[in-house]
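**Student:** have a look at this prediction, sequence included:
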Amino acid sequence: MPSRQLPPSPEPPPPLRPTGTHLALAGSAATAFSLLIFFTFCFRKISRKRTVPNSDTESKPPHRFSYSSLRRATSSFSPLLRLGQGGFGSVYRGTLKPDLQVAVKVMDSGSLQGEREFQNELFLAGKIESNHVVSLIGFSSDPGRRRMLLVYELMPNGSLQDCLLYRKCTELKDWKKRFSIALDIAKGLEYLHHVCDPPIIHGDVKPSNILLDANFNAKIGDFGLARLKSEEVRFETEAKKVGSLGTGVVEDNGSVAEETESVITVSAFEGFDGCVEQSPESCFVRVETSPEMVGTGPEVELSIDAATESAMVVSPRTVAAMASPLEVLDKTSFSEGTFDRASVVSGIDMGNGGDKKSGKLKKKNSISGRDWWWKQDHGNTENGMVKDYVREWIGNEIKKERPKSEWVGTSSNSVVVGKSEKEKKKKNRRRLDWWASLDDDKNLKKEKRRPAREWWKEEYCEELSRKKKKKKKKQEQGSVSDDGYSQHWWERDDDMYSDKKKRRNHSRKSSKSSMDWWLDGFSGDLWRARRNSFDSVSGEIPKSGGVSSTPSMRGTVCYVAPEYGASGDLSEKCDVYSYGVLLLVLIAGRRPLEVTGSPMSEFQRANLLSWARHLARAGKLLDLVDQSVHSLDREQAILCITVALLCLQKSPARRPSMKEVVGILSGELGSPKLPIEFSPSPPSRLPYKSHKRVR
Ligand SMILES: Nc1ncnc2c1ncn2[C@@H]1O[C@H](COP(=O)(O)OP(=O)(O)OP(=O)(O)O)[C@@H](O)[C@H]1O
């Protein structure tokens, strides 16, 4: 058989050469694909941002919101939806979902306090879960554009301050409501001090930070000045360490005197290399500490801000804790915003003579902490406005109310008895020096507008020369004598002082102006607090002015505990003191410092704390109760005033804890006795006894 021959295999086709058309096709396919991926990514990101987090399904609050969603929720921050204005910025009512009403706090751009409050609130929000604390639902942050917003649960009845003092809500005329508010606040503080671990110190307990829900239940809000207790201990240790390097910080058992302010001079910094010559904006200095001292790490960072001439101590743990759980606290915001500029975390007075332009610290001049506070506050325009407002208000009140006899002045004169002329002059000169030192700030000289402090200075100089003339006249008449005013009860409001201390304080007061008297009337506390914050004499600024009630970094005048700042201690007992003031305000339905009429008797009532103490001595506690209150439970009212007076004791150790306050108010503990000095019976060691034990 003939073999079948296979046909020759065909030649393999020539390899396809990519033509221009092919290349174009492949290119466009790749582009289309990458575009598709890009758009899908963008869409997902946008839709995720726009979605309001559902607290049921997503993680616990605080949630991150987009700026636009909050803008929409508040109808572009409509003035009609504005709920109020604080040191942080404006607060607006918003609707995120039909059933989710919120309050949106918008930080004023450039507000140092705002940045700090923002981060503080976020840092603490995760740690707090209580029915007696306003919950933080979320936030929005865009550090590049300096947009920072906080979203809270809406408290439909606003702040206690508005409700009680301005709107005078009828619901609060019912004694039961007032009492339940007092108890709610006490429980909120008890939660912060005794349930939270580590304990949280609020640091700014006052009526505008107490918010009322639809049923007028009270919740504590505004944790901008709050601190963890452990953190505080660290700050304190560091503060003492830094302070001990070169200053004479004098303690006076919480009494307030010019000499005892936390003055940390530049010499304290001289041991820290690397700061003095650094950029004017900021510098970080590592301060070596032992692990035991800080508890969590071997070192803390001390930020010295040459721009604001201030400093703070920041623990690494704080940085880590603040940075990690929340994306919002991104690095730029830390390095540029928080640490360099705010520099007020610790509340440590680090006054120093800084040259703003060169960023160099003056090594010789030691400027006290009060300058630091002044300058710190001055940097904030809004705060500046507040100070102007407050000063004006004080001035008007004093001018308006000062009796013809110039009794305030004579009071000053009268207490000079026993004090040498020389000493007084020295003191006045020192004070003038202080005023003069304020002129170091060249930038302010350039300002066209007369700086607010000149107003203050002029007023003071005027006051001095007036006093001098008066005294001269009196001396000529040979009649510099005690006119009795210095002996009035409203100047003797210091409960724990021995006679010796009282005399000393009187002589301190002697060199103060009439305005100082006003401030000193407040247990002497205001004198320091005013310098620190220039908050408000009344402790609240009428909202009509549209200004914040707290430009301060450390608390609010009239509410701040006397020991805080003098020795730098912020403890739970500071909150207890503030609670005491708040309780009196709640019972009396008036501000802590308020002149309601021109007669002399009104002056006697002007200082609520002194008035309460006076009534306690006179055994007329119930006279303090707001006249408009109905259904008064007299026993409860006396109990509340007694608790308030216990909380207001000068010595922090003598104040009850918030746990004890709750126990007393809720009836678990027996009724306490008034503080010793008001009690006719001999003092017992324990001011109250447990009901439980008795049973
Ligand atoms: N969650 C909220 N619900 C309803 N109203 C609120 C809420 N938070 C704040 N407000 C209103 O906004 C006002 C301003 O609040 P904010 O806490 O900013 O300032 P403040 O406490 O008055 O002053 P500062 O912040 O200086 O202490 C409050 O007085 C209150 O009337």
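**Tutor:** Received the coordinates, thanks. Remember, predicted model here, so these are calculated numbers, not experimental data.

**Student:** give me the number of residues near whichever residue of the chain sits closest to the ligand?
**Tutor:** Closest residue of the chain to the ligand, CB to the nearest ligand atom: Gly86 (1.9 Å). Every C-beta, even on glycine, is put in place using the N, C-alpha and C of the backbone. By other CB atoms under 10 Å, the residues close to Gly86 number 24.

**Student:** for Ser90, same thing?
**Tutor:** Neighbour count of Ser90, defined by other CB under 10 Å: 19.

**Student:** please name the bridge partners of it.
**Tutor:** Taking DSSP bridges as the rule, Ser90 bridges to Gln85, Val106.

**Student:** the helix or strand encompassing Asp575 - what's its average pLDDT?
**Tutor:** In this assignment (DSSP states H and E), Asp575 forms part of helix 572-588. Helix 572-588 carries an average pLDDT of 96.

**Student:** list the helices and strands that helix packs on?
**Tutor:** Under the contact criterion of 3 or more CB pairs under 8 Å, 6 or more residues apart in numbering; DSSP states H and E, helix 572-588 touches helix 175-190, strand 200-201, helix 608-618, helix 634-647, helix 658-665.

**Student:** what does the helix or strand following the shortest one contact?
**Tutor:** Same thing as strand 200-201. Next along the chain after strand 200-201, taking DSSP H and E as the criterion, comes strand 210-212. Contact with strand 210-212 is made by 134, 155-161, 163, 181, 185, 218-221, 582, as judged by CB atoms under 8 Å, 6 or more residues apart in numbering.

**Student:** is any residue of the following helix or strand past strand 210-212 near the ligand?
**Tutor:** Next along the chain after strand 210-212, taking DSSP H and E as the criterion, comes strand 218-220. No - if you take CB under 6 Å from any ligand atom as the test, strand 218-220 misses the ligand, and the best it gets is 8.5 Å.

**Student:** so what's the residue count around the residue lying closest to Gly203 once chain neighbours are set aside?
**Tutor:** Leaving aside its chain neighbours, Gly203 sits nearest to Leu225 (3.8 Å; criterion: CB to CB, 6 or more residues apart in numbering). Using other CB under 10 Å, Leu225 has 26 other residues around it.

**Student:** isn't Leu225 up against Asp204?
**Tutor:** Yes - Leu225 is within contact range of Asp204, at 4.4 Å (criterion: CB atoms under 8 Å).

**Student:** any residues in contact with both of those two?
**Tutor:** Gly555.

**Student:** show me which residues of the protein are close to the ligand?
**Tutor:** 83-88, 91, 103, 105, 134, 152, 154-155, 158-159, 162, 208-209, 211, 221-222, 548-550.

**Student:** where does the stretch 351-500 of the chain have low pLDDT?
**Tutor:** 351-465, 467, 474-500 (pLDDT under 70).

**Student:** span of stretch 206-215 from start to end?
**Tutor:** This stretch, stretch 206-215, spans 20 Å end to end (CA to CA, to the nearest Å).

**Student:** likewise for stretch 69-89?
**Tutor:** Terminal residues of stretch 69-89 are spaced 19 Å apart (CA to CA).

**Student:** which parts of it are buried?
**Tutor:** Applying a neighbour-count criterion of 16 or more other CB atoms under 10 Å, one finds 69-71, 73-74, 77, 81, 83-89 buried in stretch 69-89.

**Student:** what's the answer for stretch 663-670, then?
**Tutor:** For stretch 663-670, the neighbour count (16+ other CB under 10 Å) marks 663-665, 669 as buried.

**Student:** out of the residues you listed, who's nearest Lys176?
**Tutor:** Leu665 (12.9 Å; CB to CB).

**Student:** how about the nearest residue to that closest one, chain neighbours excluded?
**Tutor:** Per CB to CB, 6+ apart, closest to Leu665 is Leu183, 5.1 Å.

**Student:** quick one: contacts for the one you found?
**Tutor:** Per CB under 8 Å, 6+ apart, neighbours of Leu183: 662, 665-666.

**Student:** now tabulate those in TSV and tack on pLDDT.
**Tutor:** Shown next, in TSV, are the contacts of Leu183 (pLDDT from 0 to 100):
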residue	pLDDT
Val662	97
Leu665	97
Ser666	95
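
**Student:** redo those residues as TSV? Include distance to Pro675.
**Tutor:** TSV is the format used below for those (distance: CB to CB, whole Å):
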residue	distance to Pro675
Val662	19
Leu665	17
Ser666	21
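
**Student:** quick revisit: the buried residues of stretch 69-89 in strands, which ones?
**Tutor:** In this view, the buried residues of stretch 69-89 that belong to strands under DSSP state E are 83-85, 89.

**Student:** deepest in the core, which of the helices and strands packed on helix 572-588 is it.
**Tutor:** Comparing these by mean neighbour count (mean count of other CB atoms under 10 Å), strand 200-201 comes out on top with a mean of 25.

**Student:** that one - contacts with which helices or strands?
**Tutor:** strand 227-228, helix 229-246, helix 572-588.

**Student:** what does that strand rub up against?
**Tutor:** Outside strand 200-201, the residues touching it (CB under 8 Å, 6+ apart) are 124, 127-128, 192-193, 223, 226-229, 232, 570-572, 574-575.

**Student:** now the buried members of these.
**Tutor:** Buried among the contacts of strand 200-201 (16+ other CB under 10 Å): 124, 128, 192-193, 223, 226-229, 232, 570-572, 574-575.

**Student:** surely Lys573 touches Pro656?
**Tutor:** No - between Lys573 and Pro656 there is no contact under CB under 8 Å: 9.2 Å.

**Student:** need the overlap of contacts for these two.
**Tutor:** Common neighbours of Lys573 and Pro656 (CB under 8 Å, 6+ apart) do not exist.

**Student:** residues contacting Ser657?
**Tutor:** Here Ser657 is in contact with 193-194, 572, 576 (CB under 8 Å, 6+ apart).

**Student:** how much space between Arg613 and Val557?
**Tutor:** Remark: distance between Arg613 and Val557 (CB to CB, to the nearest Å) = 19 Å.

**Student:** just Ile128 next, same as before
**Tutor:** Taken as CB to CB, the span from Ile128 to Val557 is 26 Å.

**Student:** and what of Ala73?
**Tutor:** Distance from Ala73 to Val557, by CB to CB: 35 Å.

**Student:** ok, now which ones touch Pro207?
**Tutor:** Here Pro207 is in contact with 159-161, 164-165, 540, 582, 585-586 (CB under 8 Å, 6+ apart).

**Student:** redo the residues you listed as CSV? Include distance to Thr19 and neighbour count.
**Tutor:** Listed next are the contacts of Pro207 as CSV, based on distance: CB to CB, whole Å; neighbours: other CB atoms under 10 Å:
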residue, distance to Thr19, neighbour count
Ser159, 76, 28
Leu160, 81, 27
Gln161, 80, 25
Leu164, 85, 24
Leu165, 85, 21
Glu540, 82, 27
Leu582, 85, 28
Val585, 88, 26
Leu586, 88, 24
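
**Student:** fine, thanks again, bye for now.
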